[in-house]
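Participant: Predicted model, plus sequence, below.
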Amino acid sequence: MKLHKQRGFSLVELMVSVTIGLILLAGVVSIFVSSRVTFSTNERTARLQENGRVALDLITHDLRSAGYTGCSRGITYNNALNTPTSALWNYIVPVQGYNNVSGTFSPALGVTIASPSVNADSDVIVLRVAMRDGRSARLESNMTSLTDNLVVTNVGAQSLTAGNVFMISDCTGADIFQASAITAGTPNSTIAHDTSGSAPGNSSASFARQYSVGARVIPLQTIVYYVGVVGGEYGLYRKIGSGASTLLVDGVQALQISYGEDTDNDRVANVYRSAATVANWNAVISVNVALLIRSEAYGTNIDTKTYPLLTGTGMGGKTIAAANDNRQRMMFTTTATLRNRAW
């Protein structure tokens, strides 16, 4: 019987096969790494775009709502609150801003912001608006005196809460007041407006005029937007009234704002100015908003770019210097019209 000898690979053949395998493996690894880097970059870009869109949507929603008064535009207001011209309670003025230059505000910052403090690259804007997700109530009984409690439709506890600030208005007048007490009922509730209660409180329990059935009672809010930093991480913060600041959107590094002022009463902005140079806040009918968003995750490329935010003449913006880090950044700008002033 003839026997066949078993034969294996030679050393040369083995080395060639190993080399080819390593080349193929290197190609696979290279493709994987490249795909991973591309995926991470696209993910950071998508997150930047999402954060920028959400931040602008939140700010512009309140800008467009600022100064809502129902059918009472252009009439006489009576603000019965204590300190009615302070930044938190001056509901006659829809919007007010503060230009930040290296931590110094012009005009002087009129609201208390304790934690987190305002980032040096962030302006501050104060908006006086109808309560987000609030509902207006209808006056269901004629007032017989200037101090009468208000009998209104029961629109729920979120809108009808003691301590909330309200505006009662019809097409001939409006009074701004704080509810000192609310008695819920079905179908109607009662709102008291005496001088007791929490801050700001009412300076008088008396309105400027008596209102009739059908007048609207609208819950109001003062909203403050700014950029704060905690532990080296930036974010867009919102403060409602005298409450604590709340983080809304991560990664917002800078906020710059300029104000379109109507100087000839034609409801068109003639000039955009920084908060420091606005001549008449009641003449502001549009607002430019610029945001710089920074990625939370680190990438592979070093960001050496500078970012000019509203750096036009007189707009009071700022150029953000190159960070020279591995974060990705993106600028967002928009112009929002104060619809209750422009139309």
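Facilitator: It's in.
Participant: pLDDT score assigned to residue 72?
Facilitator: Looking at residue 72, its pLDDT stands at 67.
Participant: Against residue 249, how distant is residue 179?
Facilitator: 32 Å (Cβ to Cβ, to the nearest Å). Every residue, glycine included, has its C-beta placed from N, CA and C.
Participant: Secondary structure element holding the residue most central in space within the chain?
Facilitator: Central residue of the chain (Cα atoms, centre = their mean): residue 59, 3.5 Å from the mean position. Using DSSP states H and E, residue 59 sits in helix 11-65.
Participant: Name the next helix or strand downstream of that helix, please.
Facilitator: Following helix 11-65 toward the C-terminus (DSSP H and E): strand 77-79.
Participant: Downstream of that next one, the next helix or strand is which one?
Facilitator: strand 95-101.
Participant: Can you give the strand pairings for that next one, parallel or anti for each?
Facilitator: Strand 95-101 sits in its sheet next to strand 104-106 (antiparallel), strand 124-130 (antiparallel), going by DSSP bridges.
Participant: hmm, back to that, what is the mean pLDDT for the helix holding residue 59?
Facilitator: Rounded mean pLDDT across helix 11-65 is 84.
Participant: Okay, angle between that helix and strand 95-101 too, please.
Facilitator: 130 degrees (axes from the mean of the first three to the mean of the last three Cα atoms, to 10 degrees).
Participant: Let me see the contact set for residue 70.
Facilitator: 136, 169-170, 216, 218 (Cβ atoms under 8 Å, 6 or more residues apart in numbering).
Participant: just the strands in the stretch 201-343 of the chain please.
Facilitator: 216-230, 233-240, 245-250, 252-261, 271-273, 284-303, 307-309, 318-320, 325-337 (DSSP state E, counting those that start in this stretch).
Participant: name the helices or strands packed onto the longest one?
Facilitator: So the one you mean is strand 284-303. Packing partners of strand 284-303 (3 or more Cβ pairs under 8 Å, 6 or more residues apart in numbering; DSSP states H and E): helix 11-65, strand 233-240, strand 252-261, strand 307-309, strand 325-337, helix 339-342.
Participant: How about the fifth one?
Facilitator: Contacts defined by 3+ Cβ pairs under 8 Å, 6+ apart place strand 271-273 against strand 252-261.
Participant: Compute the inter-axis angle for the strand it packs on and strand 95-101.
Facilitator: Using the same axes, to 10 degrees: strand 252-261 against strand 95-101 is 120 degrees.
Participant: Off-centre distance for strand 252-261?
Facilitator: The chain centroid and the centroid of strand 252-261 are separated by 11 Å under Cα atoms, centre = their mean, to the nearest Å.
Participant: relative orientation of that strand and strand 284-303 in degrees?
Facilitator: 150 degrees.
Participant: which strands and helices sit next to strand 252-261?
Facilitator: strand 95-101, strand 216-230, strand 233-240, strand 271-273, strand 284-303, strand 307-309, strand 318-320.
Participant: Render the CA-only coordinates of the fifth one in PDB, please.
Facilitator: Extracted C-alpha coordinates of strand 284-303, given in PDB (Å, rounded to 0.1, in the frame of the first residue of the first chain):
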ATOM      1  CA  VAL A 284     -38.900  98.200  21.200                       C
ATOM      2  CA  ILE A 285     -40.900  96.100  18.700                       C
ATOM      3  CA  SER A 286     -38.400  93.400  17.700                       C
ATOM      4  CA  VAL A 287     -35.400  91.700  19.200                       C
ATOM      5  CA  ASN A 288     -32.300  90.100  17.700                       C
ATOM      6  CA  VAL A 289     -31.100  87.000  19.600                       C
ATOM      7  CA  ALA A 290     -27.700  85.300  19.000                       C
ATOM      8  CA  LEU A 291     -26.600  82.100  20.800                       C
ATOM      9  CA  LEU A 292     -23.300  80.200  20.800                       C
ATOM     10  CA  ILE A 293     -23.900  76.500  21.500                       C
ATOM     11  CA  ARG A 294     -21.000  74.200  22.700                       C
ATOM     12  CA  SER A 295     -21.100  70.500  22.500                       C
ATOM     13  CA  GLU A 296     -21.000  68.500  25.700                       C
ATOM     14  CA  ALA A 297     -18.800  65.800  24.200                       C
ATOM     15  CA  TYR A 298     -15.200  66.200  23.000                       C
ATOM     16  CA  GLY A 299     -14.200  65.600  19.400                       C
ATOM     17  CA  THR A 300     -10.900  65.200  17.600                       C
ATOM     18  CA  ASN A 301     -10.500  68.600  16.000                       C
ATOM     19  CA  ILE A 302      -9.300  71.700  17.900                       C
ATOM     20  CA  ASP A 303     -11.700  74.600  17.600                       C
END
